[in-house]
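Engineer: Give the three-dimensional model of this entry:
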Amino acid sequence: MVQRILIVDDEPDMTETCRRALGSAGYQCFTSNDAREALTLLASERPDLLLTDLRMPEMDGMEMLRRAKEVDSQIPVLMLTAHATLESAVAAVKAGAFDFIAKPFSIDQLKLAVERALTWRRQQNEILQLREQLGIVGFENIIGRSNALQQVLELVRKAARSDANILVLGESGTGKELIARAVRANSPRAAQPFVAVDCASLPENLLESELFGHEKGAFTGAIAAKQGLVEMANRGTLFLDELGELPLGLQVKFLRALQERQIRRVGGTRPIDVDIRVVCATNRDLRELVKGGAFREDLYYRIAVIDIALPPLRERPGDVELLAMSFLAKFARRDTAAPRGFEPEAMAALETYSWPGNVRELQNVVERACALTEGEMITLADLPAHLRTVAPAPSARPPAADTASKLTLKEAKERWISDLESAYVAELLRREGGNVSQAARKAGVDRKTLHRLLNKHSIR
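Structural biologist: The predicted model follows:
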């Protein structure tokens, strides 16, 4: 589908220049030299991107931005201005602008900014469509289009309707608690409590009291009666994380609570009725623990009525880019100085890495990059060293046949040499860990020459 762009500027020459440049790149462009006319076009044509001047008579770009967001809250807005100041750039971004382009600018700069903005728009649309297709709430932080994840979410949707106990399996960092919360949000118990317990973080001598509560004087320090977490989850959902760490003695007591739907506080004799739906999670193989005698078989079958296996991130092709852009948008909302996207080499490194820490590790990497980068795009150099080492090497190719046929032999040769030079310098710098002095020595040139090449090819 052809992407549509609305260009607004009070200078006809500027709108025509942008229209020609972007039209030649395959975009459908609408232009206006009047801000109020542009608002009518915005409502009738519903473009994918708004490109507007910052200073115009009758209505400035900031007002245009505000009015555009009222029509389409998701539309990315690129600001054009001949008055490039830090203050105006910050104000535009804070008000919701995607990016800020200072006049005069090159056609390549314009096309690159437009491509970034439309890529972001496409990714946001994909995320919204995924949520609509699922028809399920509670998945705000579970993003992905891979078949592996979609099958899991469909199973969650079906399982949530029943009251059966659920066991969520998966490696650390795959989002098991998010799945448990989505189950509760789509179940008949959605309005009731959700109580999470991390079985691995509580000392064994305190775990029983935390789970089942205690009466006053039950042990030294029990100066008052205390309600346990199981009791607090009454009529709602109890989530037991790292269930494989639950001691055998407590497994017996927890099994009895599930069977009888009653508990007794530590030091108490009175049974307390509880009505709970249990969702458990573990990254351990409970079947192997059962074989080894470390986990009760009867409890396993009681809690694993429905088992949901979350795929690791390395088995979710295509999801890394969506997740990375989603995390980037999250941090950009928190910090207006955050970058707006990823350079191709950086994204290639993210997609190549195996992610042993799964989604949690990816979020941490994106947050780190946002904090460290000084540009508007995250580059390969902004990523941790262990990710840079797995990044695929850039390659130089001759111009495509359909492109080369439009060039003279001299132009095609210059294009090819330029691409080869850019790929060589980028790969050399990557191999030397970003150290310009070492890269210059390897290349047999001085630092000034290498810096000139880096600036020429916009390599950080």
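
Engineer: thought residue 48 was touching residue 22?
Structural biologist: No: if you go by C-beta atoms under 8 Å, residue 48 and residue 22 don't touch, sitting 11.6 Å apart. All C-beta spots, glycine's among them, are computed from the backbone N, C-alpha and C.

Engineer: Are there residues contacting both of those two? Which ones?
Structural biologist: The contact sets of residue 48 and residue 22 overlap at residue 5 (C-beta atoms under 8 Å, 6 or more residues apart in numbering).

Engineer: what stretches of this structure score poorly on pLDDT?
Structural biologist: 83-87, 89-90, 126-141, 332-337, 390-407, 409-414, 433, 460 (pLDDT under 70).

Engineer: quick one: the most far-flung residue of it relative to its centre and residue 218, what's the gap?
Structural biologist: Most distant residue from the mean C-alpha position of the chain: residue 269, 49.6 Å away (C-alpha atoms, centre = their mean). Here residue 269 is placed at a distance of 11 Å from residue 218 (C-beta to C-beta, to the nearest Å).

Engineer: again, but for residue 320
Structural biologist: Distance from residue 320 to residue 218, by C-beta to C-beta: 50 Å.

Engineer: Then residue 17?
Structural biologist: 80 Å.

Engineer: Now do the strands in the stretch 1-150 of the chain.
Structural biologist: Assigned by DSSP state E, counting those that start in this stretch, the stretch 1-150 of the chain shows strands spanning 4-8, 28-32, 49-53, 77-81, 99-102.

Engineer: how about the ones you listed, which one is nearest residue 440?
Structural biologist: Of all these, strand 99-102 sits nearest to residue 440, with 31.3 Å by C-beta to C-beta.

Engineer: Against which helices or strands is the closest one packed?
Structural biologist: Judged by 3 or more C-beta pairs under 8 Å, 6 or more residues apart in numbering; DSSP states H and E, strand 99-102 is in contact with strand 77-81, helix 86-94, helix 107-134.

Engineer: Parallel or antiparallel, list what pairs with it.
Structural biologist: Paired strands of strand 99-102, with direction, are strand 77-81 (parallel) (DSSP bridges).

Engineer: Can you give the distance of the strand it pairs with from its chain's centre?
Structural biologist: Centroid displacement of strand 77-81 relative to its chain, using C-alpha atoms, centre = their mean, to the nearest Å, is 26 Å.

Engineer: can you pull the buried residues of that strand?
Structural biologist: 77-81 (16 or more other C-beta atoms under 10 Å).

Engineer: picking that back up, can I take it that the residue farthest from the centre of the chain is in a strand?
Structural biologist: No: using DSSP: H, G, I helix; E, B strand; the rest coil, the assignment for residue 269 is coil, not a strand.

Engineer: Contact partners for the closest residue to residue 23 other than its chain neighbours?
Structural biologist: Excluding the flanking residues, the one nearest residue 23 by C-beta to C-beta, 6 or more residues apart in numbering is residue 29, at 5.3 Å. Counting by C-beta under 8 Å, 6+ apart, residue 29 makes contact with 4-7, 18-19, 22-23.

Engineer: Just the strands from the stretch 201-350 of the chain, written as ranges.
Structural biologist: Under DSSP E, counting those that start in this stretch, the stretch 201-350 of the chain gives strands at 213-214, 226-227, 237-241, 262-263, 272-273, 277-282, 306-309, 341-342.
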